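Chemist: Pasting the sequence and the predicted coordinates here, then a few questions.
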Amino acid sequence: MKLTSKLNNSVYLAGFWILTTAFFASAVFAQNTGAGTINGTLTDPAGSIVPGAAVVVRNTNTGTERALVTNGDGIYVAPFMQPGIYEITASKAGFGKIVRAELPLQVGQTLTIDIALP
């Protein structure tokens, strides 16, 4: 009787693990479905990277904004963005502000917009 009980517990745990894994995998897939990514590198007029710069990615169709900061390599990444037309504003103290507009993003696309600050 004990062997049957242990076997039932093992089957139950295996089934629970499979269902849990499938649930979380579908949640991750749902986040990626219907979205794209916008990324790029900010540089100064001499071509050097600009870490710590403020970047705002705005969907001009909806007005939704995402504020970002470039990393130590001057890179910004905005994942899980809805398709639409975007505007990117970049700035940092000691540099001018620059705006790149009319940037279309499609489903599944990675749109790379490198920006040289004035």
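Modeler: Looks like it came in fine.
Chemist: pull the helix or strand with minimum mean pLDDT from this protein.
Modeler: Lowest on mean pLDDT, DSSP states H and E among the helices and strands of the chain sits helix 2-32, with a mean of 52.
Chemist: in what helix or strand does the residue most central in space within the chain lie?
Modeler: In the chain, the residue lying closest to the centroid (CA atoms, centre = their mean) is P79, at 1.3 Å. Assigned by DSSP states H and E, P79 belongs to strand 75-81.
Chemist: What of V107?
Modeler: Using DSSP H and E, V107 sits in no helix or strand.
Chemist: Now for the residue lying closest to V99 once chain neighbours are set aside: which residues touch it?
Modeler: Of all residues not flanking V99 in the chain, T89 sits nearest, at 5.0 Å (CB to CB, 6 or more residues apart in numbering). For every residue, glycine as well, the C-beta is placed using N, CA and C. Counting by CB atoms under 8 Å, 6 or more residues apart in numbering, T89 touches 55-56, 58, 97-99.
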